[in-house]
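>>> I'll drop the sequence and a predicted model, then ask my questions.
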Amino acid sequence: MSISRQNLTTVIVTFKSDAVIHNCIKSIDEEIKIIVIDNSNDNEFKQNLETNYKNVTCVLSEENLGMGCGNNLGIKKVNTDFVFILNPDVVLEKNTIDELIKASEKIYNFAVFAPISSDPNYPNYKLSDSEETNIKNNLPFKVKSVDGFAMLINKKNVDKIIEQENFNNENNYFDENFFLYLENEDLCRRIVNKNEDIYIIPTSKINHLGAMAVDEKYKEEIEHSRNWHWIWSKFYFRKKHYGYLRAFMCGFPKFF
């Protein structure tokens, strides 16, 4: 089944993201439904979005759930076959969605598509095998993981993986032990381990502001939080995929 605007929903998790969310939403076609999960529980923010954008539904969480849990909440409210996970500091280019749709008409079996970052100095993917030919020819190429700020999930294929795992008996896409960072890396690893495919679509481009998802006035508070969660996520990721000893040996100096 190929992607269409009617069969695609965008999920955006926000936390005090007033300064950037509007540019993100405006770059998305009005035909595409958008679900915003707001972790700052800001009713004024919700009213503003739903008043100004007819295709937006904003859900307030009672607490800051983090990225993985927030995305899971959004995905559970999606009724389409495809879900586009975006960060609020991402802006789509004019043909971003069109190129993803075109790719789905040629590649029938995939778990994740991702547009490519417009800044070649900061690639939003990790290669597993040599794909230089496709990269040079601007063709879709397989990767082992993509950054979580822009990933389009084929729910039908990923649901099969989730059901096999029965992860925490919750059927979650993202492991909620990751509050912030590496929840996308973990999901991609689980997908690849089940022999499902992840593709970068190089003709589909996005602009990522990077670390701008939260209003500037909360910068210092958020920076401390980010530092802690990065260390914890690295430790948990290693423990989950490589064992406790490796996680401890690699992570203890950073915790200290």
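Great, that's in hand.
>>> For the residue nearest the centre of the chain, which non-adjacent residue is closest in space?
Here the mean C-alpha position of the chain is nearest to the C-alpha of residue 148 (Cα atoms, centre = their mean), at a distance of 3.3 Å. By the measure of Cβ to Cβ, 6 or more residues apart in numbering, the closest residue to residue 148 outside its immediate chain neighbours is residue 184, 3.0 Å from it. C-beta here means a position set from N, CA and C on the backbone, and glycine is covered the same way.
>>> Pull up the gap between that neighbour and residue 204, please.
Using Cβ to Cβ, to the nearest Å, we find residue 184 at a distance of 18 Å from residue 204.
>>> Could you do residue 72 as well?
As for residue 72, its distance to residue 204 is 25 Å (criterion: Cβ to Cβ).
>>> what are the ranges of the strands in the protein?
Listed from the start of the chain, the chain has strands (DSSP state E) covering 8-14, 33-38, 56-60, 82-86, 90-92, 112-117, 125-126, 141-142, 145-146, 150-154, 198-208.
>>> Can you give me the end-to-end span of stretch 23-43?
For stretch 23-43, the separation between the terminal residues is 20 Å (Cα to Cα, to the nearest Å).
>>> tell me the contacts of the closest residue in space to residue 162 that isn't next to it in sequence?
With Cβ to Cβ, 6+ apart as the measure, residue 171 is the residue that lies nearest to residue 162, at 5.1 Å, once sequence neighbours are left out. Residues near residue 171 by Cβ atoms under 8 Å, 6 or more residues apart in numbering: 159, 162-163.
>>> what's the closest of those to residue 83?
For residue 83, the closest of the contacts of residue 171 turns out to be residue 159, at 11.0 Å, with distances computed as Cβ to Cβ.
>>> How much space separates that closest one from residue 172?
Counting by Cβ to Cβ, the gap from residue 159 to residue 172 is 11 Å.
>>> So which of these two has more stuff around it?
residue 172 (20 against 14; other Cβ atoms under 10 Å).
>>> Nearest spatial neighbour of the more buried one, chain-adjacent residues omitted?
What sits nearest to residue 172 in space, not counting adjacent residues and going by Cβ to Cβ, 6+ apart, is residue 72, at 4.8 Å.
>>> for the one you found, what are its contacts?
Contacts of residue 72 (Cβ under 8 Å, 6+ apart): 170, 172-174, 176.
>>> Tell me the most packed of those, by neighbour count.
Ranked by neighbours (other Cβ under 10 Å), the contacts of residue 72 are led by residue 173, which has 25 neighbours.
>>> Would you confirm that that residue contacts residue 71?
Yes. If you go by Cβ atoms under 8 Å, residue 173 and residue 71 touch, sitting 6.9 Å apart.
>>> who does the residue lying closest to residue 46 once chain neighbours are set aside bridge with?
Once its chain neighbours are removed from consideration, residue 46 has its nearest residue in residue 58; the separation is 4.1 Å (Cβ to Cβ, 6+ apart). Residue 58 forms beta bridges with residue 36, as assigned by DSSP bridges.
>>> What's the separation between residue 58 and residue 182?
Taking Cβ to Cβ as the measure, residue 58 falls 26 Å from residue 182.
>>> Over to residue 10?
Taking Cβ to Cβ as the measure, residue 10 falls 22 Å from residue 182.
>>> before we move on, the earlier item: which residues are in contact with the residue nearest to residue 46?
Contacts of residue 58 were listed using Cβ under 8 Å, 6+ apart, and they are 35-36, 38, 45-46, 49-50.
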